[in-house]
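J.: here's a sequence, model it:
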Amino acid sequence: MSETQSQSVKPVFYEQPMMLSRETHKDLKLSDSTSFTFAQNVASVPVVISEFAVASAHYPIVFVQGDESRGTAADRPMPMALLSTQSGRNDFVDEDGSWKAGTYIPAYVRRYPFVFASAEDKDNFVLCADLSSDRLSREEGAPLFTDGGEPTETTSRALSFCNDFQRDYAMTERFVDTLMGLDLLSVQRLTITRRNQPNTVLEGLSLLNRDKFRKLTDEEFLELRRNGCLGPVYAHLSSLHRLRQFI
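T.: Below is the predicted model:
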């Protein structure tokens, strides 16, 4: 299953994802809220290959075995931005819902409350929105549909953003498949040592195996380069020093 889930499977954040309909949701509006309270209780979110470079400057990028509840396929590990080393907590969202100033906000977060879902033919996607989001209401905000039932610019932007995200997600899946094909990902146990506090142990995270990476043949290394994988690989490795921010 791809990142675009059926409505019976709800990725993180999404409590009531529903396909947008010009009939049912003709009066729905999107507020200009900049609150990220919906993300206060998540310790990691997916990141796609196109944002590795900028995300790596702010978060450790690790690979986590797929979990449909996170919006990732169960048959492969996928890259996640680590937001905290404590479950149910996001160190980058303040109590007032503001994201930490000067910090990159992952596309997965910025996309909310919109999301793609697979259409019945499985080859196309439909735009959905989390109807439980306090960013959506029928009272105030930017309308999603015109009086004639046509998508507004707000809806068109959301559709374009989700389309770009889905394209990048598919590229990220291919990137992970390439790493797996070369047996470069290894499950590791990370210990975060804090001053005057108990250590935190992170289980089940996959990282690039540096030894195997160094031992790649010339042809295998060229395969990574041809597939555009070297940049993301180095961004992942560079990002791991950000684990120190959780000490």
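J.: burial of the residue nearest to R210 when sequence neighbours are not counted, as a residue count?
T.: The shortest distance from R210 to any residue other than its chain neighbours is 7.5 Å, reached at L237 (Cβ to Cβ, 6 or more residues apart in numbering). Backbone N, C-alpha and C define where each C-beta goes, glycine included. Using other Cβ atoms under 10 Å, L237 is surrounded by 15 other residues.
J.: can you name the helix or strand that L237 falls in?
T.: Assigned by DSSP states H and E, L237 belongs to helix 230-239.
J.: okay, strands next: where are they in the chain?
T.: For the chain, strands defined by DSSP state E occupy the ranges 17-19, 29-30, 44-46, 61-65, 77-82, 114-118, 125-130, 136-137, 142-143, 185-192, 200-208.
J.: pairing partners for the fifth one, with directions?
T.: Right, the one you point to is strand 77-82. Sheet pairing of strand 77-82 (DSSP bridges) gives strand 44-46 (antiparallel), strand 61-65 (antiparallel).
J.: M171 is nearest to which of those?
T.: The closest approach between M171 and any of these, judged by Cβ to Cβ, belongs to strand 44-46 at 12.9 Å.
J.: report the distance from that closest one to the chain centre.
T.: 5 Å (Cα atoms, centre = their mean, to the nearest Å).
J.: quick check, P77 in contact with I61.
T.: No: assessed by Cβ atoms under 8 Å, P77 is found out of contact with I61, at 11.7 Å.
J.: these two: which is more packed in?
T.: More crowded of P77 and I61, by other Cβ under 10 Å: I61, with 24 against 21.
J.: who's in contact with the more buried one?
T.: Counting by Cβ atoms under 8 Å, 6 or more residues apart in numbering, I61 touches V47, F52, A55, P79, M80, A81, L82, A235, H236, S239, L240.
J.: same deal with P60?
T.: Contacts for P60 (Cβ under 8 Å, 6+ apart) come out as A81, L82, S239, L240, R242, L243.
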